[in-house]
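# Fold the following.
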Amino acid sequence: MSSQSAAEQKVYHLHSLDIDEQLAVLWYVYRDFVKENITPEAERPDENLEKSSGLIEQVKQMSPEDQLQVQRDLIIGKDRAEFQTYKEYSSNQKLFFWYCLASEMERGNAVQVPDDYQLSPDAQQLLDSVKELDFTNKLVFIKDVVGLGAAQSTEEKV
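Below is the predicted model of the structure:
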């Protein structure tokens, strides 16, 4: 089995969790990236990473409850206006969207996981195992998580 399969197994494990725990695990992984000053990939030709800034601004203008709901809906691929925009993004643009959202959460400009939030033992075990992945496999994990809804219908798996 390849190491990519290990990351993919963690994605399946993640999707077996409650949606709020999925978002919490994703937040904790992205928060580590933000805190470690790991930045998104450079733009590719014909790719505009800033395209996601409009959707970030839309989310920031929502109530905390609506911000949380749109995050839930993006992860599960619920057909709503924001998802229509999101599913047109390349995988790199999706990574950039979540990176920017995590940055806004870290600054307090978007709804955050509450400080007293406790992951279930299953979710904590998953988070710990993701943190043990090397950088490349963490990236594979995140790419699969943030692209899963749209990837099933619009993108090829790499």
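# Please count neighbours and contacts with C-alpha atoms only from this point.
Noted.
# Which secondary structure element of this structure has the lowest mean pLDDT?
When each helix and strand of the chain is scored by mean pLDDT, DSSP states H and E, helix 135-154 comes last, with a mean of 67.
# what about this protein, any weak spots by pLDDT?
For the chain, applying pLDDT under 70 flags the ranges 1-5, 34-49, 148-158.
# Can you pull up the most central residue in it?
Taking Cα atoms, centre = their mean, the centroid of the chain lies closest to residue 146, which sits 4.4 Å from it.
# mind listing the helices for the chain?
Residue ranges of the helices in the chain, as given by DSSP state H, are 3-15, 19-35, 53-61, 64-76, 81-87, 91-106, 121-131, 135-154.
# Include distance to residue 112 when you put those helices into CSV, please.
Output for these, formatted as CSV (distance: least, Cα to Cα, whole Å):
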stretch, distance to residue 112
helix 3-15, 19
helix 19-35, 8
helix 53-61, 12
helix 64-76, 9
helix 81-87, 19
helix 91-106, 5
helix 121-131, 17
helix 135-154, 17
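# and the ones you listed, which is most packed in?
Among the helices of the chain, helix 91-106 has the highest mean neighbour count (mean count of other Cα atoms under 10 Å), at a mean of 21.
# could you give the angle of that one to helix 19-35?
Relative orientation of helix 91-106 versus helix 19-35 (axes from the mean of the first three to the mean of the last three Cα atoms, to 10 degrees): 90 degrees.
# Can you tell me which helices and strands helix 91-106 packs against?
Counting contacts by 3 or more Cα pairs under 8 Å, 6 or more residues apart in numbering; DSSP states H and E, helix 91-106 is packed against helix 19-35, helix 53-61, helix 135-154.
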